[in-house]
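[1] Based on what follows, work out the 3D shape:
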Amino acid sequence: MSIINNPKTDPNKILPMTYLWAREHYKAGVANNWTPEEVSMQKDVEQWKNPAVLSESERRMILWNLGFFSTAESLTANNIVLAVYNHVSNPESRQYLLRQAYEEAVHTDTFIYCCDSLGLDPEEIYTMYQSIPSIKMKDDFVVQLTSSIFDPHFSTNGNENIQKFLRDLIGFYVIMEGIFFYAGFAMMLALKRQGKMIGVGEQFEYIMRDESLHLAFGCDLINTIKAEFPQVWTQEFQDEVVDLIKKAVILEQNYADDACPQGLLGINAKEFKKYVEHIADRRLQRLNLPKVYNRENPFPWMSQTTDLPKEKNFFETRVTEYQTGGSLQW
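    Numbering: from 1, shown residues only. You can find the predicted model right below:
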């Protein structure tokens, strides 16, 4: 039995299940279901139109993050639908991949909603992956990691091809979703903690919860392939993975400098760069690889976004952290 290259797998027969972790990730995703329109943007619109509320540095940071995420989510969705789904024929894993593809569509819709609400120029936002060098370098880095498996003739047969597939999974799940997203998350949630752009910040909280699940599924998928095909997880390949993550950290740190050169209240690009190193070590450990940076988390409050219960007191705040009715526990 294996999660790839298993000719006995019938992708239409979901029971009995082999990989129960995939089912658990699917149920967790359903429990976190949301849509951007549930979040009010009225206060954000007022703050965006008021030049006295947001500094030029804060406006730049908001635009840079909307510009990066608006196209990064599409890149990720394309990879799931066009590459990963095709090569992972296990039915319960495919069920989660379909759920993830839906969530990527929700994320894409979120940036449409934000752009429309704030009256931003879509041509500016949706071309930043070409016009802003630090964004372009991140996108290009991930795209070049996956060029071979987008070949219509690619298969996962043979050790070399399994390594290419693992490289793709690491590129999208660990590097794109697990590293490249997190300085941006920290910037937007730091702004929200100051009472600025609350609606955008709440949507980033939702996206971060989704991405945490995507990362967990991706690492479980990677580690399962490693366990089932141990011959491909050579020391040379492990060294290559560590090197890729180190390069990704540099690119994300360059982006942090670019998107937030003046910093926010009490937080500067140096702190964001430390956070990227902390996150990278956590990703390496999740792949059972040694830490590189040994950096303490400079933003312990970031973990609250995914760790705190989603239910809120109805009389204290708008319910923007919830589970679907069937999952609520009081």
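[2] ends of stretch 16-24, how far apart?
    End-to-end distance of stretch 16-24 (C-alpha to C-alpha, to the nearest Å): 15 Å.
[3] And that stretch, what's buried?
    T18, Y19, W21, A22, R23, E24 (16 or more other C-beta atoms under 10 Å). The C-beta positions use only the backbone N, C-alpha and C, and glycine is treated the same way.
[4] Any chance of TSV for the residues you listed, columns distance to Q304, secondary structure and pLDDT?
    Listed next are the buried residues of stretch 16-24 as TSV, based on distance: C-beta to C-beta, whole Å; DSSP: H, G, I helix; E, B strand; the rest coil; pLDDT from 0 to 100:
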residue	distance to Q304	secondary structure	pLDDT
T18	35	coil	95
Y19	30	coil	97
W21	25	helix	98
A22	27	helix	98
R23	27	helix	98
E24	22	helix	98
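[5] Residue ranges in this structure under the pLDDT threshold?
    For the chain, the stretches with pLDDT under 70 are 305-330.
[6] try 90
    Low-confidence segments of the chain (pLDDT under 90): 1, 6-12, 71, 73-79, 81-82, 145-152, 260-269, 303-330.
[7] Could you identify the longest helix within it?
    helix 198-228 (DSSP state H).
[8] If you count contacts, what does it end up packed against?
    helix 20-31, helix 42-49, helix 91-118, helix 159-169, helix 182-193, helix 269-286, helix 304-307 (3 or more C-beta pairs under 8 Å, 6 or more residues apart in numbering; DSSP states H and E).
[9] quick one: secondary structure of the residue nearest to L82 when sequence neighbours are not counted?
    Closest residue to L82 in three dimensions, ignoring its sequence neighbours and counting by C-beta to C-beta, 6 or more residues apart in numbering: F150, at 6.6 Å. Following DSSP: H, G, I helix; E, B strand; the rest coil, F150 is assigned to coil.
[10] and F150, how many residues sit next to it?
    13 (other C-beta atoms under 10 Å).
[11] separation between D121 and M128?
    Computed with C-beta to C-beta, to the nearest Å, the distance linking D121 and M128 is 11 Å.
[12] Run the chain-centre distance for stretch 248-261.
    Computed by C-alpha atoms, centre = their mean, to the nearest Å, the chain-centroid distance of stretch 248-261 equals 16 Å.
[13] Stretch 250-265 too?
    So, by C-alpha atoms, centre = their mean, the centroid of stretch 250-265 is 18 Å from its chain's centroid.
[14] just to revisit the earlier point, flag every buried residue along the longest helix of the chain.
    Applying 16+ other C-beta under 10 Å to helix 198-228 flags 198-222, 224-226 as buried.
[15] Next one: the residue nearest to the spatial centre of the chain from L75, what distance?
    Among the residues of the chain, the one closest to the centroid is E177, at 2.9 Å (C-alpha atoms, centre = their mean). Per C-beta to C-beta, E177 is found 10 Å from L75.
[16] Next: D281.
    25 Å.
[17] now do L287
    Using C-beta to C-beta, L287 is found at 21 Å from L75.
[18] so N65 sits right up against M188, yeah?
    Yes. Contact status for N65 versus M188: in contact at 5.8 Å, counting by C-beta atoms under 8 Å.
[19] so L54 sits right up against K196, yeah?
    Yes. If you go by C-beta under 8 Å, L54 and K196 touch, sitting 6.5 Å apart.
[20] Not counting sequence-adjacent ones, nearest residue to P261?
    A269 (6.3 Å).
[21] What number of residues are in the vicinity of that neighbour?
    Neighbours of A269 (other C-beta under 10 Å): 21.
[22] D139 now?
    19.
[23] who's in contact with it?
    D139 sits next to T71, A72, L75, Y129 when contact means C-beta atoms under 8 Å, 6 or more residues apart in numbering.
[24] Compare these and tell me which is most surrounded.
    A72 (24 neighbours).
[25] Buried residues of the helix or strand where Q130 lies, list them for me.
    Element membership for Q130, per DSSP states H and E: helix 128-131. Residues of helix 128-131 classed as buried: M128, Y129 (neighbour count, 16+ other C-beta under 10 Å).
[26] which helices and strands sit right next to that helix?
    Counting contacts by 3+ C-beta pairs under 8 Å, 6+ apart, helix 128-131 packs against helix 56-79, helix 133-145.
[27] what's the angle between the shortest one and helix 56-79?
    In this case it means helix 133-145. In terms of direction (axes from the mean of the first three to the mean of the last three C-alpha atoms, to 10 degrees), helix 133-145 departs from helix 56-79 by 10 degrees.
[28] Quick one: residues in contact with stretch 276-285.
    So stretch 276-285 is contacted by 174, 178-179, 182-183, 215, 219, 242, 245-246, 248-249, 252-253, 256, 290-298 (C-beta under 8 Å, 6+ apart).
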